[in-house]
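>>> Sequence and computational prediction follow.
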Amino acid sequence: MIIPGQLVALLTFPGVIIHEAAHMLFCKWGRVAVFDVCFFRFGNPAGYVVHEPPTNFGTAFLISVGPFIVNSILCIVLCFPAFVPVRIFDRPDPISYFLLWLGLSIGMHAIPSTQDAKVLWQQAGKAARRLNPLAILSYPLVILIYAANIGSIFWLDLMYGVAIGLGLPELVLNNLIK
């Protein structure tokens with residue numbers, strides 16, 4: 001039986017795939033060995049990347065927040081050009097709607113998972129003892145990630161995707177037109 005979280009993951013599967021690909025990308029860039037990858041599955045979690053522990057906090061930080069960076073950028077890049085014909089020129093077409101769905105599905109999976117936050121918290125603890133400034137500054141970010149995951153019960157992840165995928169283009173275009 002499919003539960004609501006699995007249904008959302010199915011409807012927004014490109015976002016899950018990009019989220020995990022971003023983790024893997026930052027592992028590769030940080031020369032962190034990847035042992036197992038699942039880009040999408042029916043289950044919890046919908047995807048995962050199993051990798052060795054990073055050797056430095058900067059790499060651990062980027063692996064944990066990589067999906068936020070990559071998914072957010074891709075959401076904006078896909079939605080902005082699709083938004084213009086639909087919103088400004090009132091010329092909706094299937095390609096624009098497809099790009100909006102794709103961008104929003106990717107944007108809605110930008111928020112790192114609680115597992116990402118847990119790993120970041122553990123790594124920050126070790127690095128903060130060595131007075132690593134990024135590690136010390138990451139504590140509020142970890143709390144924000146946990147709060148955002150709790151907020152996903154109230155569709156905060158969807159609201160984030162809509163805010164950057166539709167709200168940001170609306171804001172930019174309104175300021176350009178004025």
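Ah, there it is.

>>> drop to CA atoms for contacts and neighbour counts, all remaining ones
Noted.

>>> Any buried residues in the one helix or strand in the chain whose mean pLDDT sits lowest, and which?
One helix or strand of the chain scores below all others by mean pLDDT, DSSP states H and E: helix 4-11, with a mean of 87. Neighbour-count burial for helix 4-11, counted by 16 or more other Cα atoms under 10 Å, picks out Q6, A9, L10.

>>> wait, which of these is closest to V142?
Closest approach to V142 among the buried residues of helix 4-11 (Cα to Cα): A9, at 23.1 Å.

>>> Next up, the contacts around the closest one.
V16, A46 (Cα atoms under 8 Å, 6 or more residues apart in numbering).

>>> how close does it sit to K118?
Separation of A9 from K118 (Cα to Cα, to the nearest Å): 22 Å.

>>> Same question for L166.
Using Cα to Cα, we find L166 at a distance of 31 Å from K118.

>>> From N175, how far off is the residue nearest the centre of the chain?
Centrality entry for the chain: nearest residue to the mean C-alpha point is A110, 1.4 Å, by Cα atoms, centre = their mean. According to Cα to Cα, A110 and N175 sit 26 Å apart.

>>> Pull up the distance across stretch 110-119, start to finish.
End-to-end distance of stretch 110-119: 17 Å, with Cα to Cα as the criterion.

>>> roughly how far out does it sit from the chain middle?
10 Å (Cα atoms, centre = their mean, to the nearest Å).

>>> repeat for stretch 57-77
For stretch 57-77, the distance to the chain centre is 7 Å (Cα atoms, centre = their mean).

>>> May I have that stretch as PDB, with CA atoms only?
Coordinates of the C-alpha atoms in stretch 57-77 are reproduced here as PDB (Å, rounded to 0.1, in the frame of the first residue of the first chain):
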ATOM      1  CA  PHE A  57      34.500  19.400   8.000                       C
ATOM      2  CA  GLY A  58      34.200  21.500   4.900                       C
ATOM      3  CA  THR A  59      33.600  18.400   2.800                       C
ATOM      4  CA  ALA A  60      31.200  17.000   5.300                       C
ATOM      5  CA  PHE A  61      29.300  20.300   5.300                       C
ATOM      6  CA  LEU A  62      29.100  20.300   1.400                       C
ATOM      7  CA  ILE A  63      27.900  16.700   1.200                       C
ATOM      8  CA  SER A  64      25.200  17.400   3.800                       C
ATOM      9  CA  VAL A  65      24.000  20.700   2.300                       C
ATOM     10  CA  GLY A  66      24.800  19.900  -1.400                       C
ATOM     11  CA  PRO A  67      21.200  19.100  -2.200                       C
ATOM     12  CA  PHE A  68      20.100  22.400  -0.900                       C
ATOM     13  CA  ILE A  69      22.500  24.200  -3.200                       C
ATOM     14  CA  VAL A  70      22.000  22.000  -6.300                       C
ATOM     15  CA  ASN A  71      18.200  21.500  -6.100                       C
ATOM     16  CA  SER A  72      17.600  25.200  -5.400                       C
ATOM     17  CA  ILE A  73      19.700  26.300  -8.400                       C
ATOM     18  CA  LEU A  74      18.100  23.800 -10.700                       C
ATOM     19  CA  CYS A  75      14.600  24.700  -9.500                       C
ATOM     20  CA  ILE A  76      15.300  28.400 -10.400                       C
ATOM     21  CA  VAL A  77      17.000  27.600 -13.700                       C
END
